[in-house]
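In: Sequence unavailable; structure follows:
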């Protein structure tokens, strides 16, 4: 069913427990849900970090452009005619 063989292992271990197939299936589903949640959180953290870095770079470029404009304006006003 799946490459890791975890589901098959859970089905085989049913003989050791009295809980039954539905509990084993529910536990397997919770395990897969936890793994998916972990991967989702990792992806969100990477995406958020990327967005913060890009936003910082854009704000830095914007600030540098504003400062360059003001510097040019100061030089233009103070330059002798």
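Out: Sure, I can see it. All values reported here derive from a predicted model rather than from experimental measurement.
In: name the helices or strands packed onto the helix or strand where residue 9 lies?
Out: Per DSSP states H and E, residue 9 falls inside helix 6-12. For helix 6-12, the elements it packs on are helix 21-78, judged by 3 or more CB pairs under 8 Å, 6 or more residues apart in numbering; DSSP states H and E. All C-beta spots, glycine's among them, are computed from the backbone N, C-alpha and C.
In: Distance from the lowest-mean-pLDDT helix or strand in the chain to the middle of the chain?
Out: Between all helices and strands in the chain, the lowest mean by mean pLDDT, DSSP states H and E belongs to helix 6-12, at a mean of 71. Relative to its chain's centre, helix 6-12 lies at 31 Å (CA atoms, centre = their mean, to the nearest Å).
In: Kindly report the same for stretch 52-64.
Out: With CA atoms, centre = their mean, you get 21 Å for stretch 52-64.
In: pLDDT of that stretch, averaged?
Out: Mean per-residue pLDDT for stretch 52-64: 98.
In: picking that back up, residues making contact with the helix holding residue 9?
Out: Helix 6-12 has contacts (CB atoms under 8 Å, 6 or more residues apart in numbering) with 1, 21, 24, 25, 27, 28, 31.
In: Below-threshold pLDDT in this protein: ranges please.
Out: Where the chain drops to pLDDT under 70, the residues are 1-4, 10-11, 15-19, 81.
In: show me the contacts for the residue nearest the centre of the chain.
Out: Nearest to the centroid of the C-alpha atoms of the chain, with distances taken as CA atoms, centre = their mean, sits residue 44, at 1.9 Å. Taking CB under 8 Å, 6+ apart as the contact definition, residue 44 lies against nothing.
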